[in-house]
Every structure is written in C-alpha cells, then in structure tokens.
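Undergrad: Have a look; sequence and predicted model below, questions after that.
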There are 2 protein chains.
Amino acid sequence: MGEFMTKTQQRPVKARQSTETFERRGPTTTDRDGGPEAEVILERVRACVDPELRAAVESLPPSIRRVALHHFGWQHPDGSPAPGGAGKAIRPALVLTAASALGGPGAREAAVGAAVAVELVHNFTLLHDDLMDRDTTRRHRPTAWSVFGDADAILAGDALQALALRLLAEDPHPASAAAAARVATCVIELCAGQQTDTAMERRHPGEVGLDEVLTMAEAKTGALLGCACAIGALYAGAADEDVAAMDAFGREAGLAFQLIDDVIGIWGDPSRTGKPVGADLAARKKSLPVVAALNSGGPAAAELAELYGTPYDGEDLQLTALAVERAGGRDWAQAQAADRMARAVQELARAVPDPEEAGGLLALAEFVTRRSN
Amino acid sequence: MGEFMTKTQQRPVKARQSTETFERRGPTTTDRDGGPEAEVILERVRACVDPELRAAVESLPPSIRRVALHHFGWQHPDGSPAPGGAGKAIRPALVLTAASALGGPGAREAAVGAAVAVELVHNFTLLHDDLMDRDTTRRHRPTAWSVFGDADAILAGDALQALALRLLAEDPHPASAAAAARVATCVIELCAGQQTDTAMERRHPGEVGLDEVLTMAEAKTGALLGCACAIGALYAGAADEDVAAMDAFGREAGLAFQLIDDVIGIWGDPSRTGKPVGADLAARKKSLPVVAALNSGGPAAAELAELYGTPYDGEDLQLTALAVERAGGRDWAQAQAADRMARAVQELARAVPDPEEAGGLLALAEFVTRRSN
C-alpha cells in the first residue's frame, strides 16, 4: 500500500474534497500516473470534444457567454482571446472510452454530444462551488464570481446546466433520454454532496461520522465519474447491468481518487504538492483520514479531537499529522483506496471482460488516482 | 386604454420587473381580474398538479428537500408542516389549458408531468433571483437564502432545475424531448434576462435603452409564459406554426402584464398596492414607463434623468411621477400593454380559432394582466 504514496505528484492549491482537483494539478509527465496511454486518450478526446464544447458555449447569449468563455479559459475578462485549457477532460474521456469499449468506434462517435453535456455539467458545478467556497483561483486563473460577481457566476452556472440538458434533449440518439435522466439525477446527488460539505464546515469535528463523509465524497467526486461511464455504456446500447457496472466503476475510482488526494493533503511532499506542510490540517479540513482517525476511539483520537476543536493557532502540524496517523487515519485511507480501486477494476471486468478493450478505462482510472501502472 | 388602470388591484411588495409577482399579490375576488373562469381553471389545475409537484419535491435528498419544502410553503424552517400555498400555478395552468385547447382532455392529462416541470423551473429561478436581489420575503414568508443561507438556496435551485429536466427526460410521451429542449432554451433566456436586470441596476439611467429593457422584460416575464403555452401545444401534437403561435401568445401576454405592473408600481392606489406611493421611483427602478420617459427627449425627460441620476433624498415623489407622465411614459406603457394584449389575442386566434376552445387561455391571459373581461 505504501506504493500509493511514493507516486504522489503535484498537489492542488486547494485541498477540499471536490471533483475539480484533477484540473488544477500542474502538468504531468507521461511516465507515471496512469502512464502515456491516458495522456494519449485525453489528448485525443480534447481534440474532438473541445470544438463542440466551444460551439455550445458560443451559442449562449452574450452576457452569459463572456462569463463561460472566461471560466473555460478561452477569453480574458476584458474579452480578448485566451489560450484555453479547460481542464483535462477526464469526464468526456470516460464517456467516449466507455462507449468505445462497449460499442466500438460508432458508439464513441455517437456519444460526443453526450460527452460535451457531461463536461458542461461538471463546469456548472465548478462555477457554483467556487462561489459557495469563495475560492478565488481555478486553473491558475481568477474564478468567475471573483471577476464578474456573484450574480453572473450563478447565472452562468444555471445556463450551463440548461445547455447540457438541451444538448441531450436535442440529440436524436435512442439513448439520449436515458442519459439526460441520469445526468439530472447525478446533478441532484452533486448538490446534496456539496450541501453536506458546506454544512460540515460549521459542525464540530466529533460530530462528523465516517459514513456521512464517505457518502459526501461519493456524491461530490464519484457520482459524476460514474455517470460519465454509465452514459458511455448507454450510447453503446449496453445492457442495464453493464450500465450499472460502469457507473460503479467510475464511482469507486472516484472514491479511490478522493482518499488518495486526502492522504496527499496531509503527508504529501510540499515540494511536489506546492502547498505548505499540513495546510489541510491547519484549515481543520474534515478530510477522510481525519474523520476516520476521529472516529477510531483511543487517546490519539481524543488528542486530535481536542486540536480540531479549536482554530489553528500555530501548533506543530507534524504532531497533528502524527495524531491522525497514530489513530489509524492514514492506514485506513490507504487500505480503503486500495479496496475501492480493486472494486473499480472488478466492476470494469464485469462490464468489459476483454482486458484489451478495458485497457483505456483502466488507464484513465489509474491516471485519476495517480496510481502508477 | 384608461380601462386598464381602473381595474388595478393589490400590488406586490416588491416592484422589480420579474416573473414572480403574480404569486405575491393577495387573494383576489372573482368578479374582476380575468373573472371567475380563470379562478376555476387555476383551482382545478392546482388540484391535479400540486400532488405531483409535491411528490417530485419529496423525491429530493433530505438536505435539499427541506429547503424546497420551505420555499413551496409546505414546511416551516424547523421542519413542521405548513399549509402550502405555492403560488397561483399560472404556468402549469397555461400548459394544461393549451394542451386541452389544442388536443382535448387526453392531451391535458398527458401534459401534467410537463406542467409540473415548468413549475419547478419557475421556482428554481425564484430561489436564485431572490438570492441575487437579496429579497427577504416571498409569498409572505422569509426567502430560502434568508433562512438557510446562500449555499443552500443556490443548491436547492440547481436541484429543482435538474428535477424539472429529469421529469421530462423520464416522460415517455413523444413530445417530451422537444419540451425539454424548449424548457432548457427558456432557462438560458431567463438567465440572460436576469443578468441584464441585475447589471442594469448599476448603470446610469440615461444609458438604458428602451429596446433592451423591453427585451429584458420579455426574457424575464414573457419567455416562461410562452414556453408553458408552447409545451401544452407540443403535448397536443400541434403543428410547428401553432406551437410558435402559442409561444408568442404567452410572451405577448407576459409583456402586457409587465407593462401594466410597472404602471401600477408608479400610479397604483397605495391602499390597494400595499406599498407606499412611488416606492418604485424612490428605488430608482428602471421600469418600462420610466425608461420610455427617459428616452423621450424634451424637458420632462431631462428633469427625470436628473432626479434619477442621484439616490432618492426625500423629494416629492408625486412630482417624479408627474415627470414620467409628462414625458409620455404612462401613455406609452398603456398603449404598449394594449398593443401586446391585442397581439396575444391574435396569436391565440391563429392557433385556436374556435373562441370557445380559446376561452380558457384568454381568461388566464386576462387574469395575468388584471384586465377585466
């Protein structure tokens, strides 16, 4: 299990549990983290998804469009063109790779609109989450609310959700209605996850249960990855059980990602994470290893509860990290991540038994979880 | 045209141009304002739509559901039951009455889910608009953001939009995809309208053109009424040109409503409007009559521009109202309202030539515009 940690890379500036952290990592090399295969897949996906994504955004009314173009990195706040760089397109890649694995190149081609819709939904949630969390930076650029104000960011998010569901409603493919229903159901789960997350910040650390923080992480991180995979399967005309298995694959991989990301947030190498040691602990973030430690009972858990019960006042954060570790938070998170990844692989094998056909999805899951292959 | 004004009734507490003012008027008697027919239609619609609306809201996750239940008036913030009273259901009534007029009782019955979806969309926009406008009261109850905070109100709105589009995606009716596409397109227009409205507040009154304020009013008030009528027509299997005529009917009636509402906001009887004389003028609201007056040229327009250029400082508001009137704002708005209503009737007659079949829709339009029949 220690293998997980030796491979950890750059760390996002923000450490909250969230679905968006993939994008904010710095550039990666291709000899680790899911390997060159994932990089090739992602590049190919961006090449076919980006033009349609851009065309969809360009169809918005001017006042909404300028906020969205800024958010996607295509335009500076003053309206001048920007180089783009709208994230790594993990979710569209999952849609298209799942469609291809279960239905071949025809299914992949037919699912491009659905892949764009999933990316639009993801970005709608980013616009709203950034506002609620008062995050000022995303993808190395100022967030939409910090540039255009709250109202414009809310409205741009609302419009991106509508645009996503319009793309699906206008898609003549026989799977489009089922895909739209899944996307809408997923949005409701994303909202519930974000609600739990924002409400959790105000709660006493001792009151937060491990089950609810796992449910929250699954809702915030796993649900849309699972939805992306399931939609790919729907566009391939897959059987219901294969669609369900693909959803589970994406969810489990998403949870594995979140667990590893939280471990890195505490024990990651600052020179690689790009943030000071223990920033998550100083922020009293109720990350998965911390909540596991707090719920473990025993003296280390009590010590951690006391530390977390008051705001950070300059104490030695390495001692806090040690308390989490002594209370079993690190081991638990690493074991859970391995378990989730194993489940993900199992679900994938159920839906796509041929290892060669499943290779792309596995590479993407490994890329997401930064687990070397 | 003076007839419009002699019939004006209670006035919403808030006077901004918005789609929600129908609900916040007090109870009306049935011998005016569209007559008893509209009241009967609305009551019948609520009886069949409310249970499905409630069931849809109950399907949300608990943390989102409690915000929505409060917003719809079914639950107090502490979770105890409330008597309900989720608005007059104008939009569902337009969906069902249009379906019935163009396709008979079968179409009406088939369109109930779509009517619920339209009401959910309306309420999603109310949740977000209240937050952006920092309105503290809706339907005589505290607004969701003021009770639960910004994040919960944003998330509940997001979830209601998703729920609306999920209902349509899961609806097996052949018109459901076209209806979903229309709803999504309408949401984007609503967002653009709200964006213009919030941005307009920060602009100098002299810079606001009549065309853009009319476009904004159409987007904020007309678009969803038009969408509701068009969806009813879609569920009736109507021809494209009849769907378009029904959309135009709803839009024109919505604009007529907004024009009349703005006139009442300046010259309405305070004992009936429930707000002090000239509150809209004191708030420097860029309502339709005011913008028309400002754009009219001449000494009264200049006088009004000077007044509006600085915040209200206790001047005699009747003099401000007189300036709007002398600059032609009142006459223009009344003539425009009559013109819009005439166009609405014309569009209705195009789609539903039989006056008896069109009677329900006409009664609803008259009810909305508070024009006696």
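TA: All right, it came through fine.

Undergrad: Low-confidence stretches in the stretch 151-300 of chain A?
TA: Along the stretch 151-300 of chain A, the model assigns pLDDT under 70 to residues A:273-277.

Undergrad: Can you name the residues of it that neighbour chain B?
TA: The stretch 151-300 of chain A has residues A:151-152, A:154-159, A:161-163, A:165-166, A:168-170, A:176-178, A:180-181, A:183-185, A:187-189, A:191-192, A:194-196, A:198-199 near chain B, with proximity defined as Cβ under 8 Å from any Cβ of the partner chain. Yep, even glycine has a C-beta here, placed from its N, CA and C like the rest.

Undergrad: What are the boundaries of the helices in the stretch 151-300 of chain A?
TA: In the stretch 151-300 of chain A, the helices defined using DSSP state H, counting those that start in this stretch lie at A:176-200, A:210-217, A:223-235, A:240-267, A:270-273, A:279-282, A:288-294, A:298-308.

Undergrad: which residues touch the second one?
TA: Taking Cβ atoms under 8 Å, 6 or more residues apart in numbering or on different chains as the criterion, the residues outside helix A:210-217 that touch it are A:17, A:193, A:196-197, A:200, A:255, A:258-259, A:286, A:288, A:291-292, A:295.

Undergrad: Now do the buried residues in it.
TA: Across helix A:210-217, burial judged by 16 or more other Cβ atoms under 10 Å in any protein chain shown covers A:210, A:213, A:214, A:215, A:216, A:217.

Undergrad: who touches the nearest residue to the last one once chain neighbours are set aside in this structure?
TA: Just to be clear, that refers to residue A:217. Ranked by Cβ to Cβ, 6 or more residues apart in numbering or on different chains and with sequence neighbours excluded, the top spatial neighbour of residue A:217 is residue A:258, at 4.5 Å. Under the criterion of Cβ under 8 Å, 6+ apart, the neighbours of residue A:258 are A:17, A:217, A:220, A:221, A:222, A:288.

Undergrad: all strands in chain A, in order from the N-terminus.
TA: Assigned by DSSP state E, chain A shows strands spanning A:137-138, A:141-142.

Undergrad: which one of these is the most hemmed in?
TA: strand A:137-138 (a mean of 18; mean count of other Cβ atoms under 10 Å in any protein chain shown).

Undergrad: Who does it pair with, and is each partner parallel or antiparallel?
TA: With DSSP bridges as the test, strand A:137-138 is paired with strand A:141-142 (antiparallel).

Undergrad: Dump the helices of the stretch 151-300 of chain A to CSV, plus distance to residue A:46.
TA: What follows is the helices of the stretch 151-300 of chain A, written out as CSV (distance: least, Cβ to Cβ, whole Å):
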stretch, distance to residue A:46
helix A:176-200, 21
helix A:210-217, 27
helix A:223-235, 15
helix A:240-267, 19
helix A:270-273, 25
helix A:279-282, 30
helix A:288-294, 30
helix A:298-308, 41
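
Undergrad: Pick the most deeply packed of these.
TA: helix A:223-235 (a mean of 30).

Undergrad: helices and strands around that helix, which ones?
TA: With contacts taken as 3 or more Cβ pairs under 8 Å, 6 or more residues apart in numbering or on different chains; DSSP states H and E, helix A:223-235 sits against helix A:90-110, helix A:112-133, helix A:176-200, helix A:240-267.

Undergrad: now the angle from the third one to helix A:112-133?
TA: Regarding helix A:176-200 and helix A:112-133, their directions subtend 20 degrees when assessed with axes from the mean of the first three to the mean of the last three Cα atoms, to 10 degrees.

Undergrad: Show me what helix A:176-200 is packed up against.
TA: Applying 3+ Cβ pairs under 8 Å, 6+ apart, one finds that helix A:176-200 contacts helix A:112-133, helix A:150-169, helix A:210-217, helix A:223-235, helix B:62-71, helix B:150-169, helix B:176-200.

Undergrad: Please tabulate those in JSON lines, including the columns distance to residue B:311.
TA: Converted to JSON lines, the helices and strands packed on helix A:176-200 look like this (distance: least, Cβ to Cβ, whole Å):
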{"stretch": "helix A:112-133", "distance to residue B:311": "28"}
{"stretch": "helix A:150-169", "distance to residue B:311": "21"}
{"stretch": "helix A:210-217", "distance to residue B:311": "45"}
{"stretch": "helix A:223-235", "distance to residue B:311": "46"}
{"stretch": "helix B:62-71", "distance to residue B:311": "32"}
{"stretch": "helix B:150-169", "distance to residue B:311": "26"}
{"stretch": "helix B:176-200", "distance to residue B:311": "16"}
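
Undergrad: To residue A:344, which of the ones you listed lies closest?
TA: Judged by Cβ to Cβ, the one of the helices and strands packed on helix A:176-200 that comes nearest to residue A:344 is helix A:223-235, at 9.8 Å.

Undergrad: Just the CA atoms of the closest one, as CSV, please.
TA: Provided in CSV are the C-alpha atoms of helix A:223-235 (Å, rounded to 0.1, in the frame of the first residue of the first chain):
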residue,chain,number,x,y,z
ALA,A,223,-21.2,10.4,-8.9
LEU,A,224,-20.3,12.3,-12.0
LEU,A,225,-17.4,10.0,-12.9
GLY,A,226,-19.8,7.1,-12.6
CYS,A,227,-22.5,9.0,-14.6
ALA,A,228,-19.9,9.6,-17.3
CYS,A,229,-19.1,5.9,-17.6
ALA,A,230,-22.7,4.9,-17.5
ILE,A,231,-23.6,7.3,-20.3
GLY,A,232,-20.9,5.9,-22.5
ALA,A,233,-22.4,2.5,-21.9
LEU,A,234,-25.9,3.7,-22.7
TYR,A,235,-24.7,5.1,-26.0
